[in-house]
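Novice: Task: produce atomic coordinates for the following.
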Amino acid sequence: MLAVSDDASTAMLLQRELRGQALRIAIAMLGPLAFHALREVRPDLMLMHFSSAPTPALHLMREVKKRFSIPVILLATQASAGDIAHGLDLGADDFIVQPFNYREVGARIRALVHREHQAPSPPLRLGSLEIDFVSAVVRQQGAVVGLTALEWRLIQCLAANAGAIVSWSELTSHVWGHQRADDPQALRLLVSRVRRKLRRNQVSPEYIKTMWGLGYLFDPTPA
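Specialist: Sure, this is the predicted structure:
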């Protein structure tokens, strides 16, 4: 794993804390040297921390995603809801904002690495709807459905658990990488957008069901 930061003391702290959890980790400063470190280390995951304005880190993360096929976790000293959504839309696999627990960071790292090494799931085909988990592409009646990263995360979580109820907290954690207990409307709006995109016409089935008081369910056999 490679951890990059705009603050040298934070980079060394990350290295010490995560090595204490038996995680192998190299460190580099945020900027052009990060690409050199990526080529030298060839990590299976990148941890990117920023303590100031998010723009340089998000730009670097976007370039990393273009050139390397590795998961990226963003760590921020502080970030707005807009910063988090923007980072995830640009391709971040997780976004954690301080204060955070280093054991939680380590657990998220292990979960992401485990997910990357799992055998890919075959495409899910439900009538005219096809969900390709490997390429992160959804097709409706053969046409690709344009999705943002957040919209894909929502479909991925629900479809992977098709036929089972996914709780609100599980879904928000998967989509945003952190709990948004203070903003339930965000999930409702996201679900509404995805429903509209999956609905090709007025008679198209409704795949995402609201289970009041419980969460949401992706119905593999919608009426």
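Novice: and the residue nearest to the spatial centre of the chain, what is it in contact with?
Specialist: Per C-alpha atoms, centre = their mean, the C-alpha nearest to the average position across the chain is that of Asp93, at 3.4 Å. Going by C-beta atoms under 8 Å, 6 or more residues apart in numbering, Asp93 touches Pro71, Val72, Ile73, Leu112, Gly177. The way it works is simple: take the backbone N, C-alpha and C, and place the C-beta from them, glycine included.
Novice: With secondary structure, neighbour count and pLDDT as added columns, please give the residues you listed in JSON lines.
Specialist: Shown next, in JSON lines, are the contacts of Asp93 (DSSP: H, G, I helix; E, B strand; the rest coil; neighbours: other C-beta atoms under 10 Å; pLDDT from 0 to 100):
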{"residue": "Pro71", "secondary structure": "coil", "neighbour count": "22", "pLDDT": "86"}
{"residue": "Val72", "secondary structure": "strand", "neighbour count": "24", "pLDDT": "89"}
{"residue": "Ile73", "secondary structure": "strand", "neighbour count": "22", "pLDDT": "89"}
{"residue": "Leu112", "secondary structure": "helix", "neighbour count": "19", "pLDDT": "79"}
{"residue": "Gly177", "secondary structure": "coil", "neighbour count": "21", "pLDDT": "65"}
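Novice: doesn't Ser80 make contact with Val97?
Specialist: No: here Val97 does not reach Ser80: they are 9.4 Å apart, not a contact under C-beta atoms under 8 Å.
Novice: pLDDT wise, what is the residue nearest to the centre of the chain at?
Specialist: Model confidence at Asp93, given as pLDDT, is 84.
Novice: Return the backbone torsion pair for it.
Specialist: For Asp93, the backbone dihedrals (degrees, to the nearest 10) come out as phi -90, psi -20.
Novice: Now it: closest residue in space, sequence neighbours ignored.
Specialist: Nearest non-adjacent residue to Asp93, counting by C-beta to C-beta, 6 or more residues apart in numbering: Pro71, 4.1 Å away.
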